[in-house]
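> Could you work out the structure for the sequence below:
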Amino acid sequence: MNNKTLSWIYIWVLITGSLSWSATGIAGLDYIFVNDFQQQPGGPRPYLPVISGNTYTIELQRWGIRNDGQGPAPVNTDNIQAAIDWALAAGYSTIRLPAGNYLVGKYGNDIYQAGIVLRDDMVFELDAAAVIQMNTNDKWNYCVIDVTSRSNVIIRGGALRGDRETHIYTPRQDGATAHDEGHLICVKASQYVLIEDMYLSHATGDGVLLVANSNTSTLDTTIRNNEFDYNRRQGISVVGAIRLLIENNEIHDINGTPPQFGIDIESLSYESRDIQIRNNLFYANGTIDTNINYGGGHIVNTDGRNVLIEYNTMEQRGIGRGTDGSVVYWKNADQTIRYNYIKVRELTVNLKVGIIGYSNSSPKTNPATTFIHDNVCDGCGFYMYQSADLDIRRNVLMDGYLAFRDFTNLTLIDNAVDSTINSCWAFRFRNVLGQASGNTYFGNPFDLDLNPTIPFEYCWQ
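Here you go, the predicted model:
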């Protein structure tokens with residue numbers, strides 16, 4: 001258990017005066033409410049890569065590799081690649097890059113700048129003082145490290161840095177200049193991948209992109225103990241991944257081009273499911289310009305199935321506003337959101353929202369229920385509309401609210417709400433079907449006459 005979990009427990013103690021919800025003990029916190037759910041939330045943990053064998057430390061002089069941050073970058077890229085490929089052919093499984101600053105990047109095609117390509121059954125380990133830097137370029141896309149159609153790969157240590165500060169945003173024929181596909185690590189249609197103990201910053205796109213290819217999803221990926229900082233589009237984008245663990249990372253200051261989330265699950269025509277997002281620290285993610293409301297926040301799930309979001313700390317702080325909200329999901333996604341601490345200090349475009357369920361007039365086609373249990377929302381509330389199948393229990397909403405519109409099959413049990421405005425701000429309903437019991441307002445029972453068949457209205461203005 002890391003410091004973020006301990007601080008969350010401390011906050012809960014301050015609010016409730018007890019640890020009554022942890023009757024099974026600290027070690028049992030992960031699964032104490034497992035009977036509330038139709039299946040184990042988040043699914044099984046991904047299988048980790050299993051790699052054994054000898055280590056080769058790249059001999060810089062032998063391969064003609066510069067580690068002083070100077071070019072030419074294409075030559076450095078080719079020489080690092082040659083060293084990796086030789087080492088693997090010679091029977092080494094771990095390839096280690098010594099300390100230094102390595103400038104990489106070479107022509108891939110008219111819109112793609114190529115970097116280092118990894119192979120099957122290998123560990124690429126950077127010295128703690130090693131930095132791989134993408135050279136300044138004008139390409140829409142790049143991968144500093146590319147893992148495509150590979151199996152059994154570990155990337156660990158050191159830092160990867162994009163060219164955000166010097167990138168040349170050459171317009172396309174239609175005038176577009178987003179250049180939002182410049183990524184530090186690209187994992188495409190691969191399996192058994194581990195990314196750990198890295199500093200991933202300054203990409204024009206994402207720190208890590210996980211993506212399917214044709215009908216092949218990325219399988220069994222673990223991303224842990226990394227720091228994601230100042231990437232333009234996302235910390236991590238999930239575009240087709242199955243069995244994914246994102247754990248113990250620090251993800252912050254993601255801003256520059258939409259969507260601007262710490263983690264974005266958005267599968268397009270692919271499938272994303274069985275995802276665990278645990279024990280991460282998020283802050284200052286989203287637009288920094290209060291006059292431009294183009295969004296951002298910490299986690300968005302547009303279509304992921306069986307997603308578990310637990311024990312995370314999410315805060316508005318620094319200059320990132322997160323104008324969409326801390327946690328955003330769409331109606332055909334399903335998730336369990338539990339034991340998180342969410343703090344909101346400024347209004348977003350959706351008011352002071354901690355968790356929001358976005359929707360539209362189209363029918364909900366995923367019958368699964370979303371569970372939101374045992375979270376602390378500090379200065380924020382929950383707002384969901386035009387959807388169904390939601391179970392909300394035992395949450396503490398400090399100066400917060402519960403708001404629902406055009407909703408069916410809503411369960412509200414044992415939630416504690418207070419508001420510095422009034423109870424009409426704390427509880428708002430319009431055309432809602434469901435059930436409620438045990439909810440309180442400033443510690444006093446607050447009856448909500450929710451009914452499974454008769455639409456409920458309360459304080460909606």
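> Okay, now the unreliable bits of the stretch 251-400 of the chain?
288-294, 318-322, 347-350 (pLDDT under 70).
> in it, which spans are strands?
Counting by DSSP state E, counting those that start in this stretch, the stretch 251-400 of the chain has strands at residues 261-265, 273-278, 281-283, 297-301, 305-310, 313-315, 325-330, 335-338, 341-343, 353-358, 370-373, 376-378, 381-393, 396-398.
> And for the fourth one, what's in contact with it?
Residues external to strand 297-301 that are found in contact with it (C-beta atoms under 8 Å, 6 or more residues apart in numbering): 251, 259-266, 277, 282, 285-286, 307, 309, 312, 314, 322-330, 333, 335, 348. From N, CA and C alone the C-beta is placed, and that goes for glycine too.
> Figure out how far it is from the centre of its chain.
Its chain's C-alpha centre and that of strand 297-301 lie 6 Å apart, by C-alpha atoms, centre = their mean, to the nearest Å.
> Please save the CA atoms from that strand in CSV.
Provided in CSV are the C-alpha atoms of strand 297-301 (Å, rounded to 0.1, in the frame of the first residue of the first chain):
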residue,chain,number,x,y,z
GLY,A,297,-9.9,15.9,-16.7
HIS,A,298,-8.4,12.8,-15.1
ILE,A,299,-10.2,9.7,-16.5
VAL,A,300,-12.7,9.3,-19.3
ASN,A,301,-14.3,6.0,-20.3
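> Partner strands of that strand, with direction?
strand 261-265 (parallel), strand 325-330 (parallel) (DSSP bridges).
> Out of those, which one sits most buried?
strand 261-265 (a mean of 31; mean count of other C-beta atoms under 10 Å).
> relative orientation of it and strand 273-278 in degrees?
160 degrees (axes from the mean of the first three to the mean of the last three C-alpha atoms, to 10 degrees).
> relative to strand 305-310, how tilted is strand 261-265?
Angle, strand 261-265 to strand 305-310, by the same axes, to 10 degrees: 150 degrees.
> Show which residues not belonging to strand 261-265 make contact with it.
For strand 261-265, contacts defined as C-beta under 8 Å, 6+ apart pick out 228, 234-238, 246, 251-252, 254, 272, 275, 277, 280, 282, 285-286, 296-304, 307, 324, 328, 333.
> for it, the distance to its chain's centre please.
Taking mean C-alpha positions (C-alpha atoms, centre = their mean), strand 261-265 and its chain are 4 Å apart.
> name the element the residue of the chain most remote from its centre belongs to?
Ranked by distance from the centre of the chain (C-alpha atoms, centre = their mean), the top residue is R62, with 40.3 Å. Counting by DSSP states H and E, the element that carries R62 is helix 60-63.
> pLDDT on that helix, on average?
If you average the pLDDT over helix 60-63, you get 98.
> Run through the neighbouring helices and strands of it.
Helix 60-63 sits against helix 73-89, with contacts defined as 3 or more C-beta pairs under 8 Å, 6 or more residues apart in numbering; DSSP states H and E.
> residues in contact with I372?
T336, I337, R338, I355, F382, L390, D391, I392, R393, N395.
> just checking, the third one touches N375?
To tie it back to what came earlier, the one meant is R338. Yes - if you go by C-beta atoms under 8 Å, R338 and N375 touch, sitting 6.5 Å apart.
> sorry, back to before: show me what counts as buried in the helix holding R62.
L60, W63 (16 or more other C-beta atoms under 10 Å).
> Stretch 338-355 now?
Result for stretch 338-355 [16+ other C-beta under 10 Å]: buried residues 338-344, 348, 350, 352-355.
> What sits closest to E59 if chain neighbours are left out?
When the adjacent residues along the chain are set aside, E59 lies closest to A83, with 7.6 Å between them (C-beta to C-beta, 6 or more residues apart in numbering).
> Could you report the neighbour count for that neighbour?
Residues lying near A83 (other C-beta atoms under 10 Å) number 21.
> any idea how far it is from G296?
Using C-beta to C-beta, to the nearest Å, A83 is found at 39 Å from G296.
> repeat for G175
For G175 relative to G296 (C-beta to C-beta), the value is 24 Å.
> Neighbour count: these two, which is higher?
When neighbours are counted by other C-beta under 10 Å, G175 and G296 differ, and G296 comes out ahead with 31 against 6.
> Hmm, the more buried one is touching T287, no?
Yes - the pair G296 / T287 is scored as a contact, 5.1 Å apart, by C-beta under 8 Å.
> I'd like to know how many residues surround L448.
The number of residues packed near L448 is 19, by other C-beta under 10 Å.
> What does it show for phi and psi?
For L448, the backbone dihedrals are phi -120, psi 120 (criterion: degrees, to the nearest 10).
> and the gap between it and L397?
Where L397 is concerned, L448 sits at a distance of 14 Å (C-beta to C-beta).
> same deal with R430?
As judged by C-beta to C-beta, R430 and L397 stand 19 Å apart.
> The two: which is more packed in?
The neighbour count for R430 versus L397, taken as other C-beta under 10 Å, is higher for L397 (23 against 17).
> Of the contacts of strand 261-265, keep whichever come out buried.
For the contacts of strand 261-265, buried by 16+ other C-beta under 10 Å: 228, 234-238, 246, 251-252, 254, 272, 275, 277, 280, 282, 285-286, 296-304, 307, 324, 328, 333.
> Write down the beta-bridge partners of the residue nearest to the spatial centre of the chain, one by one.
The residue lying closest to the centre of the chain (C-alpha atoms, centre = their mean) is I263, at 2.2 Å. As for beta bridges, I263 partners with I236, I299 under DSSP bridges.
> Quickly note the distance from it to V239.
In terms of C-beta to C-beta, I263 sits 12 Å off from V239.
> hey, what's G434 bridged with?
Beta-bridge partners of G434, counted by DSSP bridges, are L410.
> Can you read off the pLDDT for it?
pLDDT for G434: 98.
> What of P44?
Taking P44 on its own, its pLDDT is 93.
> correct me, but it touches D274?
Yes - counting by C-beta under 8 Å, P44 touches D274, with 6.9 Å between them.
> Which one of these two is surrounded by more residues?
The residue with more neighbours, out of P44 and D274, is D274; 24 against 11, by other C-beta under 10 Å.
> residues contacting the more buried one?
By C-beta under 8 Å, 6+ apart, the residues touching D274 are G42, G43, P44, I242, R243, L244, R305, N306.
> what's the most distant pair in those residues?
Pairwise distances across the contacts of D274 (C-beta to C-beta) peak at 14.1 Å, for the pair P44 and R305.
> isn't C143 right next to A114, touching?
Yes - using C-beta under 8 Å, C143 is in contact with A114, at 7.3 Å.
> Comparing the two, which residue is more hemmed in?
C143 (26 against 21).
> Surely the more buried one forms part of a helix?
No - the assignment for C143, made by DSSP: H, G, I helix; E, B strand; the rest coil, is strand rather than a helix.
> For it, give the beta-bridge partners.
Beta-bridge partners, per DSSP bridges, of C143: H183.
> How about the one 10 residues further on?
Per DSSP bridges, residues listed as beta-bridge partners of V153: M122, V193.
> and N431, how many residues sit next to it?
For N431, using other C-beta under 10 Å, the count is 15.
> can you check G105 too?
Neighbours around G105, by other C-beta under 10 Å: 25.
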